[in-house]
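[1] the amino acid sequence is not available; the structure is as follows:
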């Protein structure tokens, strides 16, 4: 069991003084490069969606986090199943990211996957890494819910990751040595 940490202060809630233009907000945050993942679960059938908001949260205990739209059909299924896999997509998997990011009638049709050894959630073939977790917490905030998972298993595969920057997929390029 984790011991809560008291930082001796509370966050003051302050109303925003100026409204932020939604298009400018999206454009600005699009300047932050992210990896592309597909978060999957099993809820009588495989379920999944493309996600850019995945991040490591804690090493002790091992925790990860992602956010998902409150209107998402995947959110209640992930919470009900209690487990998920974050599939970190490889550079060649942009079509898979598009499929799981849009309104595809059967996202798993013709997609090669295997059940995770611990959680049974879908591991998508060809991903560069997989992070399996059990749902620890779900925190509604704005139009999304922040999901926190306790990591139960991790695996890596070969290849470079698929990245997203300024509204498009891109590839990793090593930084030149000095």
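    Everything's here; your move. Note that the coordinates shown come from a computational prediction; the quantities given were computed from them, not determined experimentally.
[2] okay, CA-based contacts and neighbour counts for the rest of this
    Noted.
[3] list the contacts of the residue nearest the centre of the chain.
    In the chain, the centroid-proximal residue (CA atoms, centre = their mean) is residue 54; its distance is 3.6 Å. By CA atoms under 8 Å, 6 or more residues apart in numbering, residue 54 lies in contact with 35, 37, 64-67, 86.
[4] dump these to TSV, plus neighbour count and distance to residue 103.
    Formatted as TSV, the contacts of residue 54 follow (neighbours: other CA atoms under 10 Å; distance: CA to CA, whole Å):
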residue	neighbour count	distance to residue 103
35	20	21
37	30	17
64	23	26
65	21	24
66	20	20
67	21	18
86	30	20
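[5] take these and lay them out in TSV including distance to residue 46 and secondary structure.
    Formatted as TSV, the contacts of residue 54 follow (distance: CA to CA, whole Å; DSSP: H, G, I helix; E, B strand; the rest coil):
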residue	distance to residue 46	secondary structure
35	22	strand
37	16	strand
64	21	strand
65	20	strand
66	19	strand
67	19	strand
86	13	strand
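[6] so residue 19 lies in a strand, does it not?
    No: under DSSP: H, G, I helix; E, B strand; the rest coil, residue 19 sits outside any strand and is assigned coil.
[7] what bits of the chain have low per-residue confidence?
    1-16 (pLDDT under 70).
[8] one more time with 50
    By pLDDT under 50, the weakly predicted segments of the chain are 1.
[9] just the helices in it please.
    In the chain, the helices defined using DSSP state H lie at 22-29, 74-81, 94-101.
[10] what's the closest of those helices to residue 119?
    helix 74-81 (9.7 Å; CA to CA).
[11] contacts for that closest one next, please.
    40-43, 47-49, 68-69, 84, 135, 138.
[12] buried stuff in that helix?
    By 16 or more other CA atoms under 10 Å, the buried positions in helix 74-81 come out as 74-75, 77-79, 81.
[13] likewise for stretch 54-70?
    54, 63-68, 70.
[14] just stretch 44-56 next, same as before
    46-52, 54.
[15] same check, this time on stretch 146-166
    146-153, 160-164.
[16] also stretch 133-147?
    For stretch 133-147, by 16+ other CA under 10 Å, it's 133-136, 138, 144-147.
[17] ends of stretch 29-39, how far apart?
    By CA to CA, to the nearest Å, the extent of stretch 29-39 from end to end equals 21 Å.
[18] ditto for stretch 157-173
    The straight-line separation of the ends of stretch 157-173 (CA to CA) is 19 Å.
[19] quick one: the strands in this protein, in order.
    In the chain, the segments counted as strands under DSSP state E are 34-35, 37-42, 46-51, 55-58, 63-69, 83-88, 113-115, 122-124, 129-141, 144-156, 162-165, 168-171.
[20] now these in a markdown table, with distance to residue 20?
    Supplementary listing: the strands of the chain in a markdown table, determined by distance: least, CA to CA, whole Å:
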| stretch | distance to residue 20 |
| --- | --- |
| strand 34-35 | 22 |
| strand 37-42 | 28 |
| strand 46-51 | 23 |
| strand 55-58 | 25 |
| strand 63-69 | 20 |
| strand 83-88 | 31 |
| strand 113-115 | 41 |
| strand 122-124 | 38 |
| strand 129-141 | 17 |
| strand 144-156 | 18 |
| strand 162-165 | 21 |
| strand 168-171 | 23 |
